[in-house]
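>>> Below is the sequence, then the predicted model.
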Amino acid sequence: MSCSRSQAQRAFPFLLSFVLLASTSAQQQPSANATLSTGASSGVLLKEATKLYQEGHFDDAIAKFQTVLQQDSKSGQAYAGAARCLLKQEKVQDALDVARKGVSTVPDDPAVHSALGEVLFRKGAIYDADVEWVKAANSARPNARAFWGISRLDFAMSMYAQGKKHIDHAHELDPQDPEIRLEWIGTLRRPDRIRELEKYLADVTDDDPKVREALQRRLQRLKEEGPETNCSLVSPGKHTDIKLEHMMIDAHHLRGYGLSVNINGVSARLLLDTGASGLLINKRIAEKAGIKPVVRGQVSGFGDNGPAEAYAGYSDSIKVGGLEFQHCRLDVAERRSIVGEDGLVGADVFGDFLVTLDFPNEKLSLDELPKRPGEAEQAIALNSEASAEKSSGPLTGTSDAAAKKDAARSAETVWRWNDRYIAPEMKSFTPIYRFGHELLIPTQINDGPARLFMIDTGSVTTLISSDAAAEVTKVHGDPYTTIRGMSGTVKNVKSADNVVLRFGHFRQQNEDLVSFDLSSLSRSTGTEVSGVLGFTVLRLLTMKIDYRDGLVDFKY
C-alpha cells in the first residue's frame, strides 16, 4: 500500500551524550563474527527497549536504545525509539535533535523518517511531518507508524475516508502498537469499540495515568449510554436565525456572545464558545432541569488549578431559537457557576449545519450544508456530546440516515467515511485543521513562518504562547492582567510588543498582546498551538464554519 499527497491536500545536555555514544561506536571496526554476535544482541536489546517504551518506562527505554547504538551506530530503530521516548516526556526539542541525527546517519531507514514526522507534527510543522511520513510509507519496508501518522493528518484535514484507510493499514502492519491501536479503536462502531477498549485497558501501555483514567471514563460512558444516543431534531425547518445575547464582564464591558437555551423547560444563558465542545451547564441549572448523573468525569480549560469535577446526563428537550432537539446528552460541572455564566455551548454542537456567527449584527444563522455529489438527505442532530469523549479517533463520521430512522438497526449504525468536500459556493473558504472541537488555522506572526492558532470565541482576548512571542518580539511581565478559565487563574501572564497576525484574508496589528505558556493546550491537542484568536478580533467579523469539511470563512 503506497501513499501520496496531491498539492491541494497539503497543509501549509541529553543529545550530546547520545551522539557521543553513537560516534564512538561508529569508529569501531568489529570482525565479521563479532558483527553477527553484536547484531543478535542488538536485536534482543531493541525488543526490550521497545517493550519498556510501550509500558511507559521511558528513561529505562532510552538507556537501552543508547546501548544498542553503542553496538550498532546505524540502528534507525534505536534512534526512532529514543526520539519517541523523549517526545512522550515532552522533551520536544531533544526528540527533534535525536530524530534528525538518526535521519542523517541512516537516511534510508523508514523508522527514523517516521519518528521525525511524529516530532515535527508535535511541533506544528504539519507539511514537513507529512513529507517524512510519506517517505517512510513508500519505502521498501513500509512503516506502520508512518501510516498512523498520515491518518492523524488525514483526520485533522477532514479527509476521513483516507484516514480510515490509513489507520486500518497501520493496524494491519502492527496491531500491538499502543498509539496505533487506540486510534484504530476510535474508528469502530460502539459494540466493537467497547470490546477493543476493554482489551486495551487490560494491557500495560505507555499512556499517562491521566489519559488512562480518561479512557476508563470513556469506556464507562460507552457502556452506560446504550446504543441510541442521537440528539435528533424534531422541529421542522433547516434554517434558523438566533439572536446572540450580550455576555458581560461588568456593566460596561462585553466579554462575548451567548445563546438563550431552554433545557427541559428551564432557561439558561450559555456562552457561545468555538473553543469548547458540546453543552456544559452548571450544577444549579442541572438541578432545576432535573438532569441526573449517568457517568462521572472531569472538565478542564485555561488555568493552573487543574480539571474540575463533572458528570454527564440527559435532557428530554433542548430548544435553541426555533429548533427543538430531544434526548440530548450534556455535561454538568459540579459548581454553581462556569467562568461567571450558566454554562457554555460549543459551536460544534451545530456541526450538522453551516454555522454563521454574524457578530456585527449579533445573530447566529444555521443553514443546511451543501450536499455532496450523489449524497442522500441526511438527518440533522445536535452534537451535544463533548467531542473529547466521543472517540480517540475521528469525530465526524456521518451515520447513514436510513439507519437512524430504523430503530431495529440503531445498535448497528452504519458509518460512512467521507473526505473533505469543497462545494462551488465555498471556494473562498479557508481549509483549517480540526482536532476534535478545536479549529486551528495557519497564522503568520510578523514576518515569520505560519503557526497554528485556535479560533476561540470564548477567549475574551487574543493570546500568543510565550515561546512563539519570544521568537518575534519583546516579551515582559504583566502583573496587571488576570486570565481566568475553566481551570482557574493563569499564572505568569506576560505581554508581547508589536505582533502582527495574518490569517485567512486578514491582517491585524496588536500592541501588548497577552502571552502565557500554552504547553498544556499543545500537549492535549497533539500539535503545537502557538496562540488563540479571541473575541477581541473575532467580534469584528462575520465567520462561517463548516465543521463537516473543516472550512471557515471570514468577512470584515
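Received it, and whenever you're ready, just let me know what you need.
>>> can you pull out the strands in the stretch 101-250 of the chain?
232-233, 240-243, 245-248 (DSSP state E, counting those that start in this stretch).
>>> separation between residue 59 and residue 554?
46 Å (C-beta to C-beta, to the nearest Å). C-beta: built from backbone N, CA, C; applies to glycine.
>>> Please read the previous query as pertaining to residue 381.
27 Å.
>>> Likewise for residue 130?
Computed as C-beta to C-beta, the residue 130 to residue 554 distance reads 26 Å.
>>> center of the chain - which residue?
The C-alpha lying nearest the average C-alpha coordinate of the chain belongs to residue 435 (C-alpha atoms, centre = their mean; 2.9 Å).
>>> Mind naming the longest strand for this protein?
Longest strand in the chain, counting residues (DSSP state E): strand 308-320.
>>> The next helix or strand along the chain from it vs strand 308-320, what angle?
Next along the chain after strand 308-320, taking DSSP states H and E as the criterion, comes strand 323-333. Counting by axes from the mean of the first three to the mean of the last three C-alpha atoms, to 10 degrees, strand 323-333 lies at 170 degrees to strand 308-320.
>>> Sort out which residues of strand 323-333 are buried, please.
For strand 323-333, burial by neighbour count (16 or more other C-beta atoms under 10 Å) applies to 323, 324, 325, 326, 327, 328, 329, 330, 331, 332, 333.
>>> Could you do stretch 180-187 as well?
180, 181, 182, 183, 184, 185, 186, 187.
>>> what does stretch 126-135 give?
For stretch 126-135, using 16+ other C-beta under 10 Å, the buried residues are 126, 129, 130, 132, 133, 134, 135.
>>> what's the closest of the residues you listed to residue 238?
Nearest to residue 238 among the buried residues of stretch 126-135: residue 126, at 34.1 Å, using C-beta to C-beta.
>>> The closest one and residue 111: what is the separation?
Using C-beta to C-beta, residue 126 is found at 21 Å from residue 111.
>>> Can I get the strands of the stretch 101-250 of the chain in TSV including mean neighbour count and mean pLDDT?
Formatted as TSV, those follow (neighbours: other C-beta atoms under 10 Å; pLDDT from 0 to 100):
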stretch	mean neighbour count	mean pLDDT
strand 232-233	17	82
strand 240-243	15	94
strand 245-248	16	92
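>>> among those, which is nearest residue 89?
strand 245-248 (39.7 Å).
>>> I'd like to know which elements the helix or strand that that closest one is followed by is packed against.
Note on strand 245-248: by DSSP H and E, the next helix or strand toward the C-terminus is strand 254-263. Under the contact definition 3 or more C-beta pairs under 8 Å, 6 or more residues apart in numbering; DSSP states H and E, strand 254-263 sits against strand 245-248, strand 266-273, strand 308-320, strand 343-346.
>>> most tightly surrounded among those strands?
strand 343-346 (a mean of 27; mean count of other C-beta atoms under 10 Å).
>>> so residue 168 makes contact with residue 184?
Yes: if you go by C-beta atoms under 8 Å, residue 168 and residue 184 touch, sitting 7.0 Å apart.
>>> Please report how far the nearest residue to residue 460 once chain neighbours are set aside lies from residue 461.
Sequence neighbours aside, residue 255 is the residue nearest to residue 460 in space, at 5.1 Å (criterion: C-beta to C-beta, 6 or more residues apart in numbering). Distance, residue 255 to residue 461, by C-beta to C-beta: 10 Å.
>>> which one of the two has more residues nearby?
Neighbour count, other C-beta atoms under 10 Å: between residue 255 and residue 461, residue 255 has more, with 19 against 15.
>>> what sits in contact with each of residue 255 and residue 461?
residue 535 (C-beta atoms under 8 Å, 6 or more residues apart in numbering).
>>> re the thing from before, so residue 59 and residue 554 - more neighbours on which side?
residue 554 (21 against 9).
>>> got the contact list for that one?
430, 503, 504, 505, 506, 541, 542, 543.
>>> Most widely separated two among these?
503 and 542 (14.9 Å).
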